[in-house]
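Build the 3D model from these lines:
(one chain, ligands or ions: 1)
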Amino acid sequence: MRPAPPAAGSAATQPAVVDALPRVLDGAGSGSIGPADGVLPAGATVHDDDLPGVAGLDPALLDALRRATADAAADGVRLEVNSGWRSPAYQEQLLREAVAEHGSAAEAARWVATAETSAHVSGDAVDVGPPAAAQWLAEHGARYGLCPVYRNEPWHVELRPDAVDGGCPPVYADPTQDPRMHGRPGPSRNRRPVGRRARAGGRPDLPVRAGRVSAPRARGASRGRP
Ligand SMILES: [Zn+2]
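Numbers count the residues shown, from 1 in each chain. Below is the predicted model:
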């Protein structure tokens, strides 16, 4: 049997090829944003450190998350990372999408930070899933220094080493209450492991004293860990 000849006018009959492309980037919208910007596939975990969205995280945060992931698994809970480190371009795209979704920049600010203020862009935050994992961390996260930060985003977790001894600090109602969102220094932006900023394309951080929340140290409060 001979192979069928190419159909005349095939371009007009195969729109699906073109149409499928944006779906490859599902979760990041459109454009050139992809895995290199921190977009993670469904089901990613803290062990997927070949993915920039995981590898770009603060090493101390990653260490705490890995210990928590192992202990959660022992409780039958799979801890996944829906979002971790993000490039500034990815964050800006998320913000544009939030403005479109929520109708105004002011309302979007309750949900999505700018590239300049986002703890995701600096590698200091993860959004965990599924909800059972966020619930597990709400109950057990403090012992690893893993704390929720915003009441309206129970899945958004950052490292607060002092929580190991003192429990997690109170949460903000939403990101608009967070002084970091207004350009003021916050609890986890005053230390930056070497080697992470190059990928993020960020600027060097100024050494600052934390204000109302005590400053974490990268390793000091990790109980029994070098
Ligand atoms: Zn988040």
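
What residues does the chain have near the ion?
By the criterion of CB under 5 Å from the ion, the positions of the chain lying close to the ion are 125, 127, 156. (Each C-beta comes from the backbone N, C-alpha and C, glycine too.)

out of these, who has the most neighbours?
A125 (24 neighbours; other CB atoms under 10 Å).

Can you tell me, leaving aside adjacent residues, what's nearest to it?
Sequence neighbours aside, A119 is the residue nearest to A125 in space, at 3.7 Å (criterion: CB to CB, 6 or more residues apart in numbering).

Surely the one you found and V157 touch.
No - checked against CB atoms under 8 Å, the pair A119 and V157 is beyond contact range at 9.9 Å.

Residues that sit against both of those two, list them.
125, 149 (CB atoms under 8 Å, 6 or more residues apart in numbering).

And these two? Which one has more around it.
V157 (30 against 27).

Test my guess that that one contacts L137.
Yes - contact status for V157 versus L137: in contact at 5.9 Å, counting by CB under 8 Å.

what's the overlap in contacts for these two?
Going by CB under 8 Å, 6+ apart, residues that sit against V157 and also against L137 are 128, 146, 148.

For the last one, give me its contacts.
Read it as P148. Contacts of P148 by CB under 8 Å, 6+ apart are 134, 137-138, 141, 154, 156-157, 168, 171.

one step back: what's the pLDDT at the residue nearest to A125?
Predicted confidence (pLDDT) at A119: the value is 97.

Name the residues of the strand or helix carrying L95 that are buried.
Using DSSP states H and E, L95 maps to helix 88-102. Neighbour-count burial for helix 88-102 flags 88-95, 98-99 (criterion: 16 or more other CB atoms under 10 Å).

now do stretch 41-53
44-46, 48, 51-53.

before we move on, what SS does whichever residue of the chain sits closest to the ion have?
Taking CB to the ion as the measure, the chain has H156 as its residue closest to the ion, at 3.5 Å. Here H156 is strand, with the state taken from DSSP: H, G, I helix; E, B strand; the rest coil.

V46 too?
coil.

one step back: just send the shared contacts of V157 and L137 back as TSV, with secondary structure too.
Putting these into TSV (three-state DSSP) gives the following:
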residue	secondary structure
V128	strand
L146	strand
P148	strand
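
ok, so of the residues you listed, who is nearest A70?
L146 (13.0 Å; CB to CB).

quick one: the closest one and R67 touch, right?
No - look at L146 against R67 with CB under 8 Å: they stay out of range, at 9.3 Å.

Who has more neighbours out of these two?
More crowded of L146 and R67, by other CB under 10 Å: L146, with 26 against 18.

show me the contacts for G38.
G38 neighbours (CB under 8 Å, 6+ apart): 52-53, 56, 83-87, 90, 120.

Helices of the protein, start to end?
In the chain, the segments counted as helices under DSSP state H are 10-13, 15-24, 52-55, 59-74, 88-102, 105-108, 131-140, 163-166, 197-200.

Indicate which one of those is closest to D37.
Among these, the nearest to D37 by CB to CB is helix 88-102 (3.9 Å).

How confident was the prediction at the closest residue to L40 other than its chain neighbours?
Excluding the flanking residues, the one nearest L40 by CB to CB, 6+ apart is G53, at 4.3 Å. Predicted confidence (pLDDT) for G53: 98.
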